[in-house]
Structure formats: structure tokens, C-alpha cells
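> sequence below, structure please.
(2 chains)
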There are 2 protein chains.
Amino acid sequence: MADTTAILLGVFIIFAAAQVGGAVARGLRLPDVVGQIVAGCIVGPSVFGWIAPSEPLEVLSEIGVVLLLFAVGLETRLEDVKRVGGSAFAVGVIGVVVPFVGGAFWAHALEPDWPHSLFVAAAFVATSAGITAAVLKQMGALRRTESRVILGAAVIDDILAMLLLGVVVAIQAGGPLRVGRLLVVAGEAIGFVLVVGWFGTLMMRRGAKWLERTRDPMSPLLVVLVLCLGLAWIATRFGLAAIIGAFLAGMIASETRQRAQLEEQMQPLLALLTPFFFVLTGAKVELARLATGHALWLLLIATLLALGTKLVGGWLGALRLGPRSALIVGVGMMPRGEVGIVVAALGLSAGVFGDLMYAVIIAMSLLTSVIAPPFLAVLLKARNPAIVNRGSEAS
Amino acid sequence: MADTTAILLGVFIIFAAAQVGGAVARGLRLPDVVGQIVAGCIVGPSVFGWIAPSEPLEVLSEIGVVLLLFAVGLETRLEDVKRVGGSAFAVGVIGVVVPFVGGAFWAHALEPDWPHSLFVAAAFVATSAGITAAVLKQMGALRRTESRVILGAAVIDDILAMLLLGVVVAIQAGGPLRVGRLLVVAGEAIGFVLVVGWFGTLMMRRGAKWLERTRDPMSPLLVVLVLCLGLAWIATRFGLAAIIGAFLAGMIASETRQRAQLEEQMQPLLALLTPFFFVLTGAKVELARLATGHALWLLLIATLLALGTKLVGGWLGALRLGPRSALIVGVGMMPRGEVGIVVAALGLSAGVFGDLMYAVIIAMSLLTSVIAPPFLAVLLKARNPAIVNRGSEAS
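This next block holds a predicted model:
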């Protein structure tokens, strides 16, 4: 019984803090997510210590971001992503290579040990699609070309980040680099995305009629939620992030005629559950460990490097859309969030780096998640809405 | 990463199993919850073992039943409960006394040791409001007089069950029975319910206008969800079930003008989260331990006793509504569910009873939850709808 009390208190604090943080952020004309992440930092161990990340809260957070990316997929048609496939691919690849190389050289300058440096560099690689997707969604910008490029690139980014992580872990452990095994892993992941994306949407387009025969207005939602949770799980089995599976499920569901109704029904689910993702993201930073001049200096450099390399990588990849759109894409790719945190945790538990580097990498991941959204919001507002590609509405 | 995969798999299996179980139950003209509980028994450790109750899944279950009782409260006006206050009080009190006395004598016949017998008897006491509320809600019967009596009685039932549990734990532990302390606990719990119920609805009726000034259609939902989670937590601090706080929060929110909109927005939340409560309830039974003639015989007697005593107690308490309504109330009070499980777990960990009695009490709790809903559904359908008290609609 005491357990229930403690967990319900955590749930209440996170949810209430998210509302307050979101309201303050809106007052400051910042995206909600910034306020929610900062609120998490304040109620978390760094400041008040009212909540601490725990497994039950992590599950709520995971379901929250899975549903968010599902809802984002729901506003994204496969056709539209295919149309920007070349740019998305370029952004995904160059946006991984530039931060990885930059991170590796920086880490090597700090400590001349290549396996260690490559491990640190891996933390600079992966974009956190959740943060950017929330901002794009809140601003009603999901149908813009740049958003599609960002979302397509995020899928490629995640595949490459997974492979890269496999490589650096193998190098660090000193084991042989099994290229054949890596190729199989890569092939499986790419195959999963292609099969689910192409085949799933095709099936749904042809077979969506049976969804219309149900009388209960909740039935289509229940069916697509089963699809969403199922693909989220399968994605993790292929080494990908759960949100990739959820995003694909959303794209498949966007082919149904209930799309508008589903978008409407997703709103309360997102309102309840996404705050857990953003607040817990903020709660993971540990300010106490960063309270030295040296640590803050390291953090400053790491953050600037992370922002700069991803901006350049994304910008270069998206240049064919024009310099301004390329800038939006570059900024949209900047948030790191959870993958940086995973790499940091792996590095700490493997003894590759100490408490300081761990705290710096986590704080860097979060700083990029807080810094990028305001810039993205300003750029999206300033953009001439006449050029917006609205796509075909199906409501 | 592996953890995420395992938990996502559990989430997916539970959600998918609930849909299948619900659909089968509807096909058999049974309430959805019966199908979901049985589905939980099948995917749980008893049969396939695909899922096992774990802390993260318990949190989803707890949030699911909290939201369910919040939604039930949203369809219940304080005025309407007050009108049936006398019957609700009588049902609550007599519905606790009869099962407690019956359970104590049965247990004493098995093992003549009063502290032990009273502990077993405590498992017979508390009604599981979640099960009955789900059936009443699915059948659109929440505005009927009997439903209001059941819900009011469930609040009183929970207060008494908490006090009784305190008493039997103290007696069993052999410590002094501190009557003064118990009176304080009782006073606090009753005070919490009264203050929140009366004062909360009064405040909301007067101050609801500021909710209407918000432009975002999600804002009222977010405000009342903060209230719901907050009161659910505070209720547990007073020794009550979280669902009592959530139910009161729902009654408060029912005073707002956004009530109809809130009910609509709660639908997707209930669709996603309540299955975790019902499936996990079913997953807790351990059929293997019941696979002897002696165990099944014990279970049969315990279940009949639990059903009969609660039926008689509820029926006696509600007699002034007429015999048929009293029957509906009695059947509505029959499900035991989670409180029986809590008592069983307490008794096992305190060494009061062994594995067999533990398994019997849990199975009895679940059987009552599966047996009562079909009878309730039949009785509600057969009842003359002309007598239904619809109350004032505020949509």
C-alpha cells in the first residue's frame, strides 16, 4: 500500500509540474516541451528531489513518447516522406557522420585513446525525434516539407546510431569487429522499416473498410493502438527505438478513413502521457556533478560541438531544399535526448568513462533538447507560409 | 534496452489480450470486464505465462482504475448521492458486517483460532468498486438510483474495510488494540471524504468560470486530471483506496460546464488504460495451486460464502428501494477483487496463513469479480427503464 502511495505521488508531481512548466513556457513564448524539461530538472534530484526516475515512471514515459510518435505518424503520409526521400537520406547520413567525427576528435584531444574517443563520439550522434516532433506538432507544422525531411531522417539516424553503437561497443570491448554480423543487423533493421512502411500502408489502404463496419467509436482507436504497441515492441527487437515502430504504425493508420477521428482521440492520450517523457528527461540531469568550473567548461564545449556538428550535418544534407529550409532541418535535428543518455549509461557501466564525463554527456543531451526548440519555433514562425506544402487532407 | 523490450512486450500482450477477451465476452453477451479478466488469467502465469504482474504494469493498472473511477464520478452528482445517502450508508455497513461475521465463522470452523479467523474474514469484506463501476458504465446505468447507492456504499465500504484491516492486523500481531488511534484514523478518513466531497463541489460550482476562459480544448481536462491524480494520492495517505479520491475528484469535476466534453475526452484514456487493471486482476490467480479436490472444495465454499453474505448484506441495506432494486444493489456489491488480494498478500507475508489459503482467497476474489457482472447485466436489462432516475443533464 505504501508503494502505491509513493508512486501515485510521483505520478501526481510529474503531471502537475508539467502543467506548470508548460504554462510558464507558453508565457515566455517558448515551446511547451522546454518548460516541461526544465520543470523535470527542478522537481528531480538536482533541485528539490521530489521525484527520482524509477522503472514504473520510465514505463509511463516510454508509452508517452511512443504515443507521441504514433500521433506524429498519423499526420504523415508515406507518399509525402517518399517524395523527400533523397533529402531525408542525406540529412540522416551526413547528420550522423559530422557529429561522430567532430565528437571523436574532441574526445581524442581530451584523452588520446581511440576506443574511448569513439565511444564518447557515439553520444553525439543520435537525434531525439520526440523533442522535435513535439515542437513541430504543437506548431501545426507537421505537414511542411522540412518536417517530413526531419522525420524521415530521424528513422535513418536511428538505424545508423544503433549500428554505430554496436561498432563502438565492440571496439571498446576489444573483441573482433564482426562486419558480417553488423551487416545482418543493418539489413534486418532496414528490412523491418521497409516491409512495415511499404507493406503495412498498402495493406491498410486496401483493407481499411472492415474498420468502418464497427459501431463503437472507440473500436478503430483500439485496433490501431494494438498495432502501435505491437510495432513499438517489434522495433526494439530489431535493435531500433520503440518510437520508430510507433511512427511507422502511425503512418499506416494515417491511410485509414478514421484518421481525423483518431487524431482527435489521440489528444487526451498525449495530454496525459507525454508529460512523463519530457519531465523525466529533465529529471535525469544531475546539476550537483557539474558544479565545478572545469565541468561547466567541458559541458559548454560539448554542447556547442553537439549543436554545431548536427546543424552543419543536417544543413548540408538538406541544402537542395534551399538554405532557409536547410537551416530549419539542421535545427530540428539538434536535440539529442534519450540516446545520448543511453550511451552515457552504457559508458559508465562499462567503465569507459567516469562520473564527470557521464554527467557532462547527459547534461549535453538535455541542453540540446532545451536549446533547439525555441530556435526551431522562431524559424518556423518566420518562414513564409505560402510555400508550405499542405498535402492532401483526408478528414 | 532489453528492459524496454520486455516491458513493451508485456504492455502489448495485455492490451491485445484485453481486446480479444472483450470481443469474445461481447459475443457471448457478457460484460467486457469478464472477458478481460479471463484473458488475464489465460496470458498470465496460470496458463501461458506470457506476462507476470510487475511493478511497472501495476502502475498502469492503478492509473487505469483511478481514471475509471474518475470517469464514474464524472457521471455522478453529489446531490444525487446525498438523496440516497441513507440507503448507501445501510448497504455499506450491513454489507461489511454480514460477510465479516460469515467469513469469521467459516474460518473458525476450519481452524479454531480467532485472530486467524478474523484475518481471513477481512478478505471477505471489501467490494471492488472498479469491477461494478465498469459494468454500470458500459451499460449506461450510472444514473440509476441503484448505481448511486452502490457507489455511495462503496465509499463507506472502503472506509470500514480499512478500519477492519487495521483491527485484525493489530489483533493478529498480538499488540494492544488502540481504540483511540483507530478512532483518529476513522475520523481522518471520514473527514477527508466529507471535506473533499462537500467543499470541493461547492468550490467548483462557484469557481468553475475560470475554466471556461481557456482557449485550448485540452486545458479543462488537464486541470481535472491534476485534481484526480492529487486526490487519488491524498486518499492513500488517509489509508483509503486511491479510487475513492479519484471518484470524489470526478464528482467535483461533474459540477463544471465542461462535463460533457470531459466525458468525451476520458473515453480514449479509459480505452487505453483500464484493460491493464482488468487483465492484471485476472493474471493474479494461480490455478496450479488449486489443482486438488480439497482446494477446489475450499474455493467453492469460500466463493459461495463471499457471494451470499454480500448479497444478503447489500440486499438488506437497500430494502427500502424495493426488493428488485435491493437485489441489483446486492449483486453490484458482490465483486471483491483487489482488496481481497491485498489481505491475502498481507496474511501470507505475516505468516497468518499458508500458500493454500492465499491461493483460495485470491481465486475467490477473482471468481466473485467474474461471476457478479453477468448477473448484474441481466438484472439491469430486465429492469423497467421507466423507473430510471435520469437526473438533470448538464451537457
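
> so where do the strands sit in chain A?
In order along the chain, chain A carries no strands (DSSP state E).

> rank the helices and strands of it by mean pLDDT and give me the bottom one.
helix A:209-212 (a mean of 68; mean pLDDT, DSSP states H and E).

> neighbours around residue A:257, how many?
The burial count assigned to residue A:257 is 14, neighbours taken as other C-beta atoms under 10 Å in any protein chain shown. Every residue, glycine included, has its C-beta placed from N, CA and C.

> gap between it and residue A:204?
To residue A:204, residue A:257 is 10 Å away according to C-beta to C-beta, to the nearest Å.

> what do you get for residue A:124?
Distance from residue A:124 to residue A:204, by C-beta to C-beta: 37 Å.

> the more surrounded of these two?
For residue A:124 versus residue A:204, neighbours defined as other C-beta under 10 Å are more numerous around residue A:124 (29 against 19).

> pretty sure residue A:100 contacts residue A:121?
Yes - counting by C-beta atoms under 8 Å, residue A:121 is a contact partner of residue A:100 at 5.0 Å.

> can you pull the residues of the stretch 51-200 of chain A lying near chain B?
A:55-60, A:62-63, A:66 (C-beta under 8 Å from any C-beta of the partner chain).

> now, which of the residues you listed lie within helices?
A:55-60, A:62-63, A:66 (DSSP state H).

> could those go into JSON lines alongside neighbour count and pLDDT?
Compiled in JSON lines, these are given as follows (neighbours: other C-beta atoms under 10 Å in any protein chain shown; pLDDT from 0 to 100):
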{"residue": "A:55", "neighbour count": "12", "pLDDT": "88"}
{"residue": "A:56", "neighbour count": "22", "pLDDT": "89"}
{"residue": "A:57", "neighbour count": "21", "pLDDT": "92"}
{"residue": "A:58", "neighbour count": "17", "pLDDT": "90"}
{"residue": "A:59", "neighbour count": "23", "pLDDT": "92"}
{"residue": "A:60", "neighbour count": "25", "pLDDT": "94"}
{"residue": "A:62", "neighbour count": "26", "pLDDT": "92"}
{"residue": "A:63", "neighbour count": "28", "pLDDT": "95"}
{"residue": "A:66", "neighbour count": "30", "pLDDT": "94"}
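
> can you lay out these as JSON lines showing distance to residue A:240?
Below are these laid out as JSON lines (distance: C-beta to C-beta, whole Å):
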{"residue": "A:55", "distance to residue A:240": "21"}
{"residue": "A:56", "distance to residue A:240": "24"}
{"residue": "A:57", "distance to residue A:240": "23"}
{"residue": "A:58", "distance to residue A:240": "18"}
{"residue": "A:59", "distance to residue A:240": "19"}
{"residue": "A:60", "distance to residue A:240": "21"}
{"residue": "A:62", "distance to residue A:240": "14"}
{"residue": "A:63", "distance to residue A:240": "17"}
{"residue": "A:66", "distance to residue A:240": "12"}
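
> closest one of these to residue B:181?
residue A:56 (31.4 Å; C-beta to C-beta).

> so what's that closest one closest to, chain neighbours aside?
residue B:59 (3.9 Å; C-beta to C-beta, 6 or more residues apart in numbering or on different chains).

> go on, residue A:73?
residue A:250 (2.0 Å).

> where do the helices sit along the stretch 201-350 of chain A?
A:201-207, A:209-212, A:219-237, A:242-253, A:259-283, A:293-317, A:323-332, A:338-349 (DSSP state H, counting those that start in this stretch).

> mean confidence (pLDDT) on the third one, please.
On average, the pLDDT along helix A:219-237 is 93.

> that one vs chain B: in contact?
Yes - Helix A:219-237 lies within reach of chain B by C-beta under 8 Å from any C-beta, at A:221-223, A:225-226, A:229-230, A:232-233, A:236-237.

> and the residues you listed as CSV, adding neighbour count?
Shown next, in CSV, are the residues of helix A:219-237 next to chain B (neighbours: other C-beta atoms under 10 Å in any protein chain shown):
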residue, neighbour count
A:221, 22
A:222, 21
A:223, 18
A:225, 27
A:226, 17
A:229, 28
A:230, 20
A:232, 32
A:233, 23
A:236, 24
A:237, 13
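
> quick one: buried residues of stretch A:263-282?
Residues of stretch A:263-282 classed as buried by neighbour count (16 or more other C-beta atoms under 10 Å in any protein chain shown): A:263-266, A:268-282.

> quick one: residue A:142 from chain B, how far?
17 Å (C-beta to the nearest C-beta, to the nearest Å).

> close enough to count as contact, that residue and residue A:77?
No - at 10.6 Å, residue A:142 does not count as touching residue A:77 under the criterion of C-beta under 8 Å.

> what residue ranges in chain A score low on pLDDT?
A:1-2, A:175, A:177, A:207-215, A:383-395 (pLDDT under 70).

> try it again at 80.
A:1-4, A:166, A:169-179, A:205-216, A:286, A:337-342, A:345-346, A:349-350, A:382-395 (pLDDT under 80).

> run a quick neighbour tally on residue A:170.
Neighbours of residue A:170 using other C-beta under 10 Å come to 16.

> check whether it really touches residue A:179, as I assumed.
No - Residue A:170 is beyond contact range of residue A:179, at 10.2 Å (criterion: C-beta under 8 Å).

> for residue A:322, phi and psi?
Main-chain dihedrals, residue A:322, degrees, to the nearest 10: phi 100, psi 150.

> what number of residues lie near it?
With other C-beta under 10 Å as criterion, residue A:322 counts 13.

> so what's residue A:40 up against?
A:14, A:17-18, A:21, A:278-284 (C-beta atoms under 8 Å, 6 or more residues apart in numbering or on different chains).

> how about residue A:332: what's its closest non-neighbour residue?
residue A:150 (4.3 Å).

> what's around the one you found, how many residues?
33.

> equivalent analysis for the one 5 residues further on, please.
Residue crowding around residue A:155 was assessed by other C-beta under 10 Å; the count is 24.

> show me what contacts the closest residue to residue A:348 other than its chain neighbours?
Using C-beta to C-beta, 6+ apart and skipping the chain neighbours, the partner closest in space to residue A:348 is residue A:358 (4.5 Å). Residue A:358 is in contact with A:289, A:344-345, A:347-348, counting by C-beta under 8 Å, 6+ apart.

> can we see that at 10 Å?
A:123, A:286, A:289, A:341, A:343-345, A:347-349, A:352 (C-beta atoms under 10 Å, 6 or more residues apart in numbering or on different chains).

> could you redo these as CSV and give each row neighbour count?
Formatted as CSV, those follow (neighbours: other C-beta under 10 Å):
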residue, neighbour count
A:123, 33
A:286, 17
A:289, 16
A:341, 20
A:343, 29
A:344, 26
A:345, 15
A:347, 23
A:348, 17
A:349, 9
A:352, 22
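
> from the residues you listed, which is closest to chain B?
Lowest distance from chain B to those (C-beta to the nearest C-beta) belongs to residue A:345, with 10.0 Å.

> distance of the residue lying closest to that closest one once chain neighbours are set aside from chain B?
Once flanking residues are discounted, residue A:345 sits nearest to residue A:358: 7.7 Å by C-beta to C-beta, 6+ apart. Residue A:358 sits at a distance of 17 Å from chain B (criterion: C-beta to the nearest C-beta).

> with residue A:355 instead?
From residue A:355 to chain B the distance is 22 Å (C-beta to the nearest C-beta).

> ok, residue A:12 next?
Taking C-beta to the nearest C-beta, one finds residue A:12 at 4 Å from chain B.

> over to residue A:29?
Distance from residue A:29 to chain B, by C-beta to the nearest C-beta: 15 Å.

> measure how buried that residue is and give me the count.
10.

> that one contacts residue A:35, doesn't it?
No - assessed by C-beta atoms under 10 Å, residue A:29 is found out of contact with residue A:35, at 11.0 Å.

> give me the common contacts of the two.
In contact with both residue A:29 and residue A:35: no residue, using C-beta under 10 Å, 6+ apart.

> fine by me, thanks again.
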